[in-house]
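Colleague: From the sequence below, what's the structure:
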Amino acid sequence: MDNTKSKTGCIYLVPVGLGDESPADFLPHYNREVVNMLDEFIVENIRSARRFLRSTGYSKDFSQVIFHTLDKHTSQDEIPGFLMNVLKGKNIGILSEAGNPCIADPGNKVVKRAHESGIRVIPLVGPNSILMALISSGFNGQNFTFHGYLPVDKRERQSRLKEVQQWAIQKDQTQIFMETPFRNNALLADILSSCNDAMLLCIASNITTENESIKTLTIRQWKKQTPDLHKQPSVFLLYKA
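Modeller: The predicted structure follows:
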């Protein structure tokens, strides 16, 4: 955390919990020390960011803390302004809504600009639902692709699923994707109708929470016991049998 040799500050990538667990359960003490040093953050939602910070024991007066909102409505032209104080030597943090910043999260736009500006980026250790789902699936962990969110349009999504299935078979590659929780059931229905019965599907839901469920079955087996995933944060992994 000593930046005396640098004219610029650092950007810390601060992990956030995946559920309602206490930060003491998943964040190293070092993370909490770093967070409590900062008084400027780039976040998706200010209210939830404040709630997370307080849960870590953050004690600064929020009226003295700077929050920059980075979401789907943020334009590229706004991002340089987020880094003005870093270029003057100040350290700031980037928070995701859940898990690690920059994975299925817009924080990468700031990090890209930071590298272009010669700003040091420091990732902190924390939970990541995608990797936790992968290591729990039993699928290939040496060759995998994360697609993020598949198309919302039903026909486009079904077409993409057929492509994803072929990549799993031809490349011996685990295919990972996700959806906004309220659309999970629609995605699952398309997976079951578009993919071969023999394909393996892992559904990892509510990771790290009391309702955690991680299960790998064939498509044929899932058809016989289709779960209700509505509003259940989930990661989907597809692999060949």
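
Colleague: got the contact list for Gly93?
Modeller: The contact partners of Gly93, by CB atoms under 8 Å, 6 or more residues apart in numbering, come to Ile11, Tyr12, Leu13, Val14, Val34, Val35, Leu38, Glu40, Phe41, Ile42. Quick note: C-beta positions are derived from backbone N, CA and C, even for glycine.

Colleague: Show me what the strand or helix carrying the last one packs onto, helices and strands only.
Modeller: Spelled out, it's Ile42. Using DSSP states H and E, Ile42 maps to strand 40-43. Applying 3 or more CB pairs under 8 Å, 6 or more residues apart in numbering; DSSP states H and E, one finds that strand 40-43 contacts helix 46-55, strand 66-69, strand 92-95.

Colleague: Just send those back as a markdown table, with mean pLDDT and distance to Leu229 too.
Modeller: Output for those, formatted as a markdown table (pLDDT from 0 to 100; distance: least, CB to CB, whole Å):
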| stretch | mean pLDDT | distance to Leu229 |
| --- | --- | --- |
| helix 46-55 | 93 | 22 |
| strand 66-69 | 96 | 29 |
| strand 92-95 | 96 | 26 |
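
Colleague: Format the CA atom coordinates belonging to the lowest-mean-pLDDT helix or strand in the chain as PDB.
Modeller: Least confident helix or strand of the chain, by mean pLDDT, DSSP states H and E, is helix 23-26 with a mean of 71. C-alpha atoms of helix 23-26 as PDB (Å, rounded to 0.1, in the frame of the first residue of the first chain):
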ATOM      1  CA  PRO A  23     -17.400 -10.100   5.200                       C
ATOM      2  CA  ALA A  24     -15.600 -11.800   8.100                       C
ATOM      3  CA  ASP A  25     -16.600 -15.100   6.500                       C
ATOM      4  CA  PHE A  26     -15.000 -14.500   3.100                       C
END
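
Colleague: now it, how far from the centre of its chain.
Modeller: Offset of helix 23-26 from its chain centre (CA atoms, centre = their mean, to the nearest Å): 17 Å.

Colleague: Could you do stretch 122-142 as well?
Modeller: 11 Å.

Colleague: One more: stretch 43-60?
Modeller: Put simply, stretch 43-60 sits 17 Å off its chain's centre (CA atoms, centre = their mean).

Colleague: Could you list the buried residues of that stretch?
Modeller: Val43, Glu44, Ala49, Arg50, Phe52, Leu53, Ser55, Thr56, Tyr58 (16 or more other CB atoms under 10 Å).

Colleague: just stretch 184-193 next, same as before
Modeller: Asn184, Asn185, Ala186, Leu187, Leu188, Asp190, Ile191, Leu192.

Colleague: In this structure, what residue spans correspond to strands?
Modeller: 10-14, 40-43, 66-69, 92-95, 120-123, 144-149, 174-178, 200-205, 213-218, 234-239 (DSSP state E).

Colleague: Return the list of helices and strands in contact with the lengthiest helix in the chain.
Modeller: For the chain, the longest helix by residue count, based on DSSP state H, is helix 154-170. Counting contacts by 3+ CB pairs under 8 Å, 6+ apart, helix 154-170 is packed against strand 144-149, strand 174-178, helix 184-194, strand 234-239.
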